[in-house]
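**Student:** Here's a sequence, model it:
(chains A and B)
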Number of protein chains: 2
Amino acid sequence: MQPIHVGLLGLGTVGGGTLTVLQQNAAEIARRAGREIIVSHASSRSLRMAPEALNRVTIMDDPFQLVVQPEVDIVVELIGGCTPARELVLQAIAQGKHVVTANKALIALHGNEIFAAAQQHGVTVAFEAAVAGGIPIIKAVREGLAANHIEWMAGIINGTGNFILTEMRDKGRDFAEVLQEAQALGYAEADPTFDVEGVDAAHKLTILAALAFGIPLQFSACYTEGIGQVQRQDVSNAARLGYRIKQLAFTRKTPRGIELRVHPTLIPEKCLLANVDGVMNAVLAQGDMVGQTLHYGPGAGALPTASSVVADIIEVARTLTTDPHNRVPHLAFQPSELADIPVLPMAEVTTAYYLRLTAQNKPGVLAAVADILGEAGISIKAMFQQEPESGTCEVPLVMLTHPVQERQMNAALGRISDLPDIADDIVRLRVESLR
Amino acid sequence: MQPIHVGLLGLGTVGGGTLTVLQQNAAEIARRAGREIIVSHASSRSLRMAPEALNRVTIMDDPFQLVVQPEVDIVVELIGGCTPARELVLQAIAQGKHVVTANKALIALHGNEIFAAAQQHGVTVAFEAAVAGGIPIIKAVREGLAANHIEWMAGIINGTGNFILTEMRDKGRDFAEVLQEAQALGYAEADPTFDVEGVDAAHKLTILAALAFGIPLQFSACYTEGIGQVQRQDVSNAARLGYRIKQLAFTRKTPRGIELRVHPTLIPEKCLLANVDGVMNAVLAQGDMVGQTLHYGPGAGALPTASSVVADIIEVARTLTTDPHNRVPHLAFQPSELADIPVLPMAEVTTAYYLRLTAQNKPGVLAAVADILGEAGISIKAMFQQEPESGTCEVPLVMLTHPVQERQMNAALGRISDLPDIADDIVRLRVESLR
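**Tutor:** Here you go, the predicted model:
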């Protein structure tokens, strides 16, 4: 069979990794795919590759020239960001070219438009590497679990955030200190907002929710809360209660709508997911028939991400001759079958809570707090009060509640923070049992 | 599009589960597959299904009649065992029908013949449910990790064996006692040989090794060792050393050949794999590009297994119109590309070891043991000697060695068991660091 010609947009971290995988494992890949896969063209703003790696590759300055090259069968977009990636991908599709991308922001923000264009032109846009790097989670949800109603999915899908929380727990360090180290190690960007505020995880969760429930991509409806608020003492309090704090990306289908949220979350330490540490990623899926499956691996890095990019290239090479109507749909469900289920506002989401209040160490304070919670129908599952540090008469009051709607919790916390003997900075984290 | 008609061979546990999944999730499945999937025919020796579930299903007494039914598009073999399953599958293939099966023994023992026949007739034989039940591990290895040289795979892929070892550890119970309970709970068969002797895991490992390395299926070359030899004290000794004992199915490509082995194994307790407990399954794969990915879920049960069977049915329904040359190859690599790499005899396999010797409590015994190990080039990584129980002068001597070839270890153990002060029943378990 004819070799497949790949055009790479971008030769940065993932682009370079993709070239490496396709060249180093060329024989193994051809043994599997039944044909050679060759990088024929590449475009890049700056060339950092070894010259011998680019021996047989035509380098183009203008990526818009690459996407119209007749010899290129598959365009692989590894530039990142939405501009000019969106325009390039749409032009490639308009040329009848298949596209592979690792770009989670592009898919989360512009996927609906891109998949509609692909559908119209009978081409495939593959994006395994956009979620959880080297873990083949898109394939697992879209095909492996296709017999199930997916009930919920929970993921640790931002390696930087997980590295920070793991270090805070293992070494009792503060958030700011670990963040600095993560930046020095190259795990965190100079602007860490996307990672620590949950935006990166929200991009990926938006994609997973669409695949799980058959809904359009709707990033703007995703709730995010950063991990910067998590303090050292919350990490140790959680441990004392049998939990670990993770930046959890969580989506669930309820009768009233879809929950779509990224926030620091206490999860039981006995869960495998609670034991996913450092920069590793994992996604836990609950299907009505299969029950729980967990998918674990490296969520970032040049070669792990390239592993998924190249798996997509191999798969697209296989579908070149397939009737487009029989391919796996981009968002798991047939385009005509996407459902119009609302995403729930956070006020309507029900979870359990971890609360840390700072109270004056005098009689009646606990009773006043308990009264307010009781009147709001919030019952307490576990509680402890620590001894005041010497020289202060403030005591931390830690509690776990049973599940309650966030609106009620917010109202109760408003009343509690009005109590004269309770400091204003109430820490409130959500708890998921993942059962 | 026309509905797909499925013929079910067998309405037992998995057959009944498959009917349930296809009926209960019919709408969700059609939303994904783009067409209805209907069980039109079924054959069974005894009908235990509720009659309303069989309303629109034609029941046939003779399975050999079912496989020649012109209306049946996909034959789903859920009888188990090799006779008459092999004959039925070959006849279905000869009729040009696609086949889905959950039968690991059939694939491990007769897969080479079955896939050759399928190739010849341009049909697909899908077998996701044959390995690790509801976990989509075949798809992950064959497609998701297709860009990698797989270096090794390690699995906990027999739920019964893992349940027994988990109970022994958690509750300090004896093997025989837990086995009885597993039989009472229905986890273990009345004849538990396949589970506790590692035969079931070896069937599955044989399949994984073929997919990972591009070699033919060769069950007869797989080494198996049962878990019946593991004693309560070995479980607690392992814990003291920072390990857990698991019935590990392990395959690795070495420059001299393929390791293919199932045996009780000490693995570091910090590995996620060591924390896979009870009847759950997990497979850990090491790829040269992606690094490690872990795939975890229920390895058995009617609905989890049916989840994989139905995922295969959906996939086969999609490939009906695909050019056979462009489908994913049965054993991951193109049939012409299978490699003739030998499976190593166990004597040539190198691992670390856990040893438990029973020694007379007198001077010079440890020195004699250490001399023999030293002369064989076997170095000791950790060691402890327990106090003799009162009324006996025998002491247990526990050690972990560094890696050594099994042939050398066997020779050294022969010499050690000849020592007059060492009892004959030396316990020897292998250790894998999984790094």
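
**Student:** going forward, measure contacts between C-alpha atoms and count neighbours the same way
**Tutor:** OK.

**Student:** which SSE is A:Ala117 in?
**Tutor:** According to DSSP states H and E, A:Ala117 maps onto helix A:104-121.

**Student:** Determine whether any part of that helix lies close to chain B.
**Tutor:** No: using C-alpha under 8 Å from any C-alpha of the partner chain, helix A:104-121 stays clear of chain B, with a minimum separation of 14.2 Å.

**Student:** Repeat that for stretch A:321-332.
**Tutor:** Yes: judged by C-alpha under 8 Å from any C-alpha, stretch A:321-332 comes into contact with chain B at A:321-323, A:326-329, A:332.

**Student:** Could I have the CA atoms of that stretch written out in PDB?
**Tutor:** Taking only C-alpha atoms (Å, rounded to 0.1, in the frame of the first residue of the first chain), the coordinates of stretch A:321-332 have been written out as PDB:
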ATOM      1  CA  THR A 321     -11.200   4.200   2.700                       C
ATOM      2  CA  THR A 322     -14.100   3.900   5.200                       C
ATOM      3  CA  ASP A 323     -17.600   5.100   4.400                       C
ATOM      4  CA  PRO A 324     -17.800   8.300   6.600                       C
ATOM      5  CA  HIS A 325     -21.200   7.300   7.900                       C
ATOM      6  CA  ASN A 326     -19.700   4.200   9.500                       C
ATOM      7  CA  ARG A 327     -16.900   5.900  11.300                       C
ATOM      8  CA  VAL A 328     -16.900   6.400  15.100                       C
ATOM      9  CA  PRO A 329     -18.700   9.800  15.500                       C
ATOM     10  CA  HIS A 330     -16.400  12.600  16.700                       C
ATOM     11  CA  LEU A 331     -18.400  13.100  19.900                       C
ATOM     12  CA  ALA A 332     -19.200   9.400  20.400                       C
END
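
**Student:** Over to A:His149: give its phi and psi.
**Tutor:** When read as degrees, to the nearest 10, the backbone of A:His149 gives phi -70, psi 120.

**Student:** Equivalent analysis for A:His5, please.
**Tutor:** According to degrees, to the nearest 10, A:His5 has phi -100, psi 130.

**Student:** per-residue confidence at it?
**Tutor:** The per-residue pLDDT reported for A:His5 equals 97.

**Student:** Same question for A:Pro51.
**Tutor:** 76.

**Student:** how close does it get to chain B?
**Tutor:** 21 Å (C-alpha to the nearest C-alpha, to the nearest Å).

**Student:** What count of nearby residues applies to that residue?
**Tutor:** 9 (other C-alpha atoms under 10 Å in any protein chain shown).

**Student:** Next: A:Ala50.
**Tutor:** Neighbours around A:Ala50, by other C-alpha under 10 Å: 9.

**Student:** Ok, A:Asp170 next?
**Tutor:** Residue neighbour count, defined by other C-alpha under 10 Å, stands at 11 for A:Asp170.

**Student:** does it sit in a helix or strand, and which one?
**Tutor:** For A:Asp170, the element it lies in under DSSP H and E is helix A:159-171.

**Student:** hmm, that helix touching chain B?
**Tutor:** No: using C-alpha under 8 Å from any C-alpha, helix A:159-171 stays clear of chain B, with a minimum separation of 13.5 Å.

**Student:** What are the contacting residues of that helix?
**Tutor:** Contacting residues not belonging to helix A:159-171 are listed as A:156, A:173-175, A:178-179, A:182, A:187-188, A:195-196, A:227, A:232, A:235-236, A:245-247, A:277-281, A:299-300 [C-alpha atoms under 8 Å, 6 or more residues apart in numbering or on different chains].

**Student:** Quick one, which of the residues of stretch A:321-332 next to chain B are buried?
**Tutor:** Buried members of the residues of stretch A:321-332 next to chain B, scored by 16 or more other C-alpha atoms under 10 Å in any protein chain shown, are A:322, A:326-329, A:332.
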